[in-house]
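Asks: sequence plus predicted model, see below.
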Amino acid sequence: MELIIKPTGRCNFNCKFCSANLLSIKHQTKVPNELIKIIKIIKPNSLIFTGGDPLLVGPEYYREILSLGTFSISLTTNLKDYYIQPKRWISLFRNERVGICTSFQYGNERMWSSEQVYSEELFKKVMKRFKEDIGYTPSFISVISKSNEDKALDHLYLAKELNTKCKINGVLPIGLSKEYYPLYKMIDIWLQIKENNLEEYWDNQIQFHNGGCNFNTNLMCSSTIRSFWLDDNNNIHYNNCEDCAVRGSRILLDKGKVTPKEESMKPEQLISNDCLYCELCRLCNSCKSTRQAIIDKQTFCSEMKKRKQKILDAKWKIY
């Protein structure tokens, strides 16, 4: 079981597409009892901390988390606080149970501050210092939209230059973003990555080869992932999907240990009845967040069918 935790809504970046910007997330300075209870209930294998930016919660918080079990933890962070005051974080980051993932993309949407775009030059400086201090270069996530789609492959060439991996995701209409970058356009980019022999630098194992998030073609996200945060009134926000929780969907706490199992898709939830007869059915329908973002279902279906054979030839885990 993977547990995604938002310990704060605060962020020292000013990104124009931020999915969490409109959320009410309580800033935590110590691990809340509600989270300790959840950890004891679901017994996670790993914990992923997002935000806001998780480095705006002090390192002592994560040391307290590590004391609760033998699981590993990962922080998805812009690394700005580390870059400004590295001595505060070096000891924690060197812990073998702690992993770091960061983010960067070309364009002017990811902002170091309200006045400064997070440039490639600055990103390289952050990554260089991290490698010198911690001993490896973290992987990074890049968000693709209409504004930077022409630079999509450049993210992989950058990962190659830095000797790390990059995950490429399309933007979704969540939080400040109102744009949906269609799955079929992302498939064109993903296929180009294969065609240009850049897979070595592409963080794609879980999604493309295991059918995990955000493909979800293994239909197991609802039984293997949980997302948690507290709002300012100490109400628990809990879901099997971080995006669904951000949109306001809540589920009750599990009452016992969860046994991973494949979930079924209900016909009434499908984009079209024709999906039942198509090899791309799971790819198009399994991720609820992606499915809900589709505006023109007929166009979506038509565009996906145009790419069907190339998708099948790619041998991704789509069913």
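Replies: Okay, I see it.
Asks: residue 74: what secondary structure?
Replies: Secondary structure assignment for residue 74 (DSSP: H, G, I helix; E, B strand; the rest coil): strand.
Asks: so what touches the helix or strand bottoming out on mean pLDDT in the chain?
Replies: Lowest by mean pLDDT, DSSP states H and E among the helices and strands of the chain is helix 242-246, with a mean of 81. Residues outside helix 242-246 that contact it (C-beta atoms under 8 Å, 6 or more residues apart in numbering) are 4, 19-20, 23, 50, 172, 174-175, 227, 229, 237-239, 288-289. C-betas here are computed from N, CA, C, even on glycine.
Asks: at 6 Å what do you get?
Replies: Here helix 242-246 makes contact (C-beta atoms under 6 Å, 6 or more residues apart in numbering) with 4, 19, 174, 227, 237, 239, 289.
Asks: out of those, which sit inside strands?
Replies: Those of the contacts of helix 242-246 mapping onto strands are 4, 227, 237, 239, per DSSP state E.
Asks: need the next SSE after the helix or strand hosting residue 191, C-terminal direction.
Replies: Using DSSP states H and E, residue 191 maps to helix 183-195. Sequence order places helix 221-224 as the next helix or strand after helix 183-195, per DSSP H and E.
Asks: quick one: average pLDDT of that following helix?
Replies: Helix 221-224 shows a mean pLDDT of 84 in the predicted model.
Asks: run the chain-centre distance for that helix.
Replies: Helix 221-224 has its C-alpha centroid displaced from the chain centroid by 15 Å (C-alpha atoms, centre = their mean, to the nearest Å).
Asks: what about the most centrally placed residue in the chain, which SS state?
Replies: Centroid check for the chain by C-alpha atoms, centre = their mean gives residue 141 as the closest residue, at 7.7 Å. For residue 141, the assignment made with three-state DSSP gives strand.
Asks: begin at 572, not 1, for the rest of this chat.
Replies: Okay, residue one is now 572; in that scheme the one you just asked about reads as residue 712.
Asks: quickly note the distance from it to residue 730.
Replies: Distance, residue 712 to residue 730, using C-beta to C-beta, to the nearest Å: 11 Å.
Asks: what do you get for residue 797?
Replies: Using C-beta to C-beta, residue 797 is found at 29 Å from residue 730.
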